[in-house]
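[1] Mind folding the following:
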Amino acid sequence: MIKKIIKNINTQSNIKLISPIDEIKLALKSDILYNIIHTYKSKDSIEKYVQKLLLAKESNVMDIILDNYFNNLLNSIYFIIGNPFSIDSKIFDIIYQNRHLISNIPSLITNNYDIFIYNEEYTYISDSIKKKLHQFYNYNCILRWYNTVIPKKLDKKSYFKMSSLSIQQKKDKWDKYNLIWDEYISACIVMKKYIKKLLVFYKPLKIKSVGCSILDKKYYLYQIESYLGLKVDINKLEKWALHDLNRLINQMKTYLKIVYPNINLNNNFKTLLNKLSQDNNNKFKSKNELIQLYTNIINKYKKIYVDILKFSEYDNVNLVIFDNKSLGGGYYYLNNFYLNINNYQKMYKHTVESLVLHETIPGHHLQINNMLNTKNKYNLLFGYFNSSTIGFIEGWGLFSEKLGFQQTALDKIGQLEYEIYRTLRIIIDIGIHYHGKSPDEMSDFMEQHLTMSRTEIENEIYRYVCTPGQAIAYKVGDHIFHKILQKNNITDVLDPNAIQLYKQLIKNGPKPLKFICKDYNITSLFDI
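    Numbering: from 1, shown residues only. Below you'll find the model as predicted:
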């Protein structure tokens, strides 16, 4: 199926070169794409399952909703051109060659939002749902988009300093960057004018509860399956997550007592966590100290997993340091672990091991690096339609945080803090999209369990509003990897037999969790 799509829509056949340009091409030729998916007769169970998800009636509605401030094609372009380290990449060159396509993005998005405002006659959406679609968002959500749709241009000096190209090559690249930027910012300006109209439409509407609960619960259940590649019993999942949150909090208290013997465990949980941010020994004295610690931990796990345990790594992982207040904190993309040190005063030592394990080795880098460099008949399919593998990919990232060697009690606190965070995501995502709780209610709940500021928490909450089900994927995928160990009577995540299982999982590539469960005969998931 994917070969037919590539041939008919002229998208990339090299998985390493799939870019936002391919997303635009697929959107511009959505009729051709739909026809291929609808008419293709597959005999493969995984391919048929992906087809079923893509052709579901719920998909028609969710595809409209998922164009938003957090997730849209303009953001996909900016992910590349907003990063000085991407300018020297082949992906950047592809965007340059196809930059004229960028101007199509605003109309692709606004066509969807016109359904919200004008309830136009779209036969594939019922009138009852069309009347409710606009209630998926509220004024605050649209305002966030309005305030962020036009980002800052890259600084020429920072690119020239970073790049290893010759001076003339840098100048040539920068000239190309400016041409792309002109196309991109023009599209952003068009989009901002349209969002201003949305604000006028939304301002008089008093919508407190937002998300899938406004529409119908079946849309949320579909969206969870589309990210996990697995159907779940939502009530069992929520009950299990609440139970697991209490387990993790008790574990966290145990380790806090080890690190801080005089701590009063009778204090509320947020007060206990504040001990970490108040501990000067847990803070970095300089940016150089931070960079050195991250470098050391990356080298530590490369030696353990690649050199000693013989996991396959086809390209080295690179630590890319940048200092930009308008970009995210830490993320992985194509062999690079990008670490933003702009706010280094609020970055803490206890989280370093977990972040390295998640983003690099044995986490995202090893898993994605293997996917891009091994022959697997599903790799190209999921290079394009990766939604149903998010549970595998992010589940593996979270699970990897537990695969540290020679760790301190403080490192363990970092791992537990991140896991509590991912468990909260399940509870909050279900609260918003299934029970109809408001963003304010969910912010209050989240604030009780994390040291994050209210602003950071509200940003997270609106991320969950915009991408229903995605936040659940981390913890559910992680849980299934634990189930695999249980099925093999393995209790220690670092058992030699477990290590062999991990190698096989990575080698086989990401799949919808339904098929991972089938491979390992996992039938019961969320029993307490």
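
[2] my read: Phe405 touches Leu494, true?
    Yes: contact criterion CB atoms under 8 Å: Phe405 and Leu494 qualify, at 7.1 Å. Just so you know, the C-beta spots here come from the backbone N, C-alpha and C atoms, and that holds for glycine as well.

[3] who does the helix or strand where Tyr331 lies pair up with?
    Taking DSSP states H and E as the definition, one finds Tyr331 inside strand 330-333. In the sheet containing strand 330-333, its partner strands are strand 336-340 (antiparallel), by DSSP bridges.

[4] where does the strand it pairs with sit relative to the chain's centre, distance-wise?
    15 Å (CA atoms, centre = their mean, to the nearest Å).

[5] Then stretch 216-233?
    Here stretch 216-233 is found 17 Å from its chain centre; the criterion is CA atoms, centre = their mean.

[6] Would you mind listing the buried residues in it?
    216, 219-230, 232 (16 or more other CB atoms under 10 Å).

[7] related to what we said a few turns ago, any idea of the mean pLDDT in the strand holding Tyr331?
    For strand 330-333, mean pLDDT is 86.

[8] Outside of it itself, list whatever touches it.
    79, 86, 337-340, 355, 359-360, 363-365, 368 (CB atoms under 8 Å, 6 or more residues apart in numbering).

[9] Is it possible to mark the buried ones in these?
    By neighbour count, with 16+ other CB under 10 Å, those hold 79, 86, 337-340, 355, 359-360, 363-365, 368 as buried.

[10] Return the member of the buried residues of stretch 216-233 nearest to Thr451.
    The nearest member of the buried residues of stretch 216-233 to Thr451, counting by CB to CB, is Tyr227 at 27.2 Å.

[11] OK, contacts around the closest one?
    387-388, 390-391, 469-470, 472-473.

[12] what are the phi and psi angles of Leu66?
    Torsion angles at Leu66 (phi, psi; degrees, to the nearest 10) stand at phi -80, psi 0.

[13] was I right about it contacting Thr467?
    Yes: using CB under 8 Å, Leu66 makes contact with Thr467 at a distance of 6.9 Å.

[14] In this protein, which helix is the longest?
    Looking across the chain with DSSP state H, the single longest helix is helix 167-202.

[15] which element follows that helix toward the C-terminus?
    As assigned by DSSP H and E, the chain's next helix or strand after helix 167-202 is helix 217-228.

[16] Can you name the next helix or strand after that next one?
    Counting by DSSP H and E, the next helix or strand C-terminal to helix 217-228 is helix 234-259.

[17] and the angle from the helix or strand just after that following helix to helix 234-259?
    Downstream of helix 234-259, the first helix or strand assigned by DSSP H and E is helix 269-278. Angle of helix 269-278 versus helix 234-259, following axes from the mean of the first three to the mean of the last three CA atoms, to 10 degrees, is 50 degrees.

[18] what's the offset of helix 269-278 from the middle of its chain?
    Distance of helix 269-278 from the chain centroid (CA atoms, centre = their mean) equals 27 Å.

[19] List the buried residues for it?
    Buried positions in helix 269-278, judged by neighbour count with 16+ other CB under 10 Å: 269, 272-273, 275-276.

[20] Could you do stretch 40-48 as well?
    By 16+ other CB under 10 Å, the buried positions in stretch 40-48 come out as 46-47.

[21] neighbouring contacts of that stretch?
    1, 4, 51, 378, 381, 511-512, 515.

[22] Ok, stretch 158-166 next?
    Residues outside stretch 158-166 that contact it (CB under 8 Å, 6+ apart) are 84-85, 87-88, 169-170, 173-174, 177, 322.

[23] Perfect, I'm done here.
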